[in-house]
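*Asks:* Predicted model and sequence below, questions to follow.
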Amino acid sequence: MSIKSICKTQIATMPKDSTLKDISQLMQKKHVGSVVVTEAYDGKKIPAGIITDRDIALALGSSKNPQTLKVESIMQSQPITVKASEGIFATIAIMRKNGVKRLPVVTDDGSLFGIICADDLLSLMGEEINNLAKITETQIKKEQGVRIPVAKQVQL
């Protein structure tokens, strides 16, 4: 299964010249914990960075003048991305290797397609584990049906 089939395609995005206030308001409005910072290139949105609610909290806590902070100064620039065609386990490996919980999903030409979060993958994996457990339940029920002889009606 490719990431394309499970990633969220409704993505909160903002340009690099946005303020922290702009980003914070967008996060609140969209109920998200991250915003993909984009640049326009050849009519496409290209991920230029990503900023999370944690990035904002850390920046505000360490800044002497948080009102002047621009997104570009605190975002993770050159974000780690994953191609839409990539598989689930390869995506998890990229997250683990880089210590990130969110990845912008891009097409082959590098344009933004979606976003995938560790929580999304955890939820999917939980469903699949549950489905595996149901295989055993189904097997047991089928075996019980085979092993328990059905009472035959006797004609007198």
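*Replies:* Great, that's in hand. Computed from a predicted model, the values in this text were never measured in an experiment.
*Asks:* And the strands in this structure?
*Replies:* Per DSSP state E, the chain has strands spanning 13-15, 34-41, 44-52, 76-77, 82-83, 102-106, 112-117. These are given in chain order.
*Asks:* Any chance of a markdown table for these, columns distance to Ala93, mean pLDDT and mean neighbour count?
*Replies:* (Glycine included, C-beta is placed from N, CA and C.) A markdown table is the format used below for the strands of the chain (distance: least, C-beta to C-beta, whole Å; pLDDT from 0 to 100; neighbours: other C-beta atoms under 10 Å):
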| stretch | distance to Ala93 | mean pLDDT | mean neighbour count |
| --- | --- | --- | --- |
| strand 13-15 | 26 | 94 | 17 |
| strand 34-41 | 20 | 94 | 19 |
| strand 44-52 | 19 | 94 | 21 |
| strand 76-77 | 19 | 84 | 14 |
| strand 82-83 | 10 | 98 | 20 |
| strand 102-106 | 11 | 97 | 24 |
| strand 112-117 | 13 | 97 | 22 |
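*Asks:* Quick check, Gly49 in contact with Lys70.
*Replies:* No - counting by C-beta atoms under 8 Å, Lys70 is not a contact partner of Gly49; they are 11.3 Å apart.
*Asks:* coming back round to it: could you dump the strands of the chain into a markdown table with distance to Gln144 added?
*Replies:* Written out in a markdown table, the entries for the strands of the chain read as follows (distance: least, C-beta to C-beta, whole Å):
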| stretch | distance to Gln144 |
| --- | --- |
| strand 13-15 | 54 |
| strand 34-41 | 49 |
| strand 44-52 | 51 |
| strand 76-77 | 55 |
| strand 82-83 | 45 |
| strand 102-106 | 45 |
| strand 112-117 | 41 |
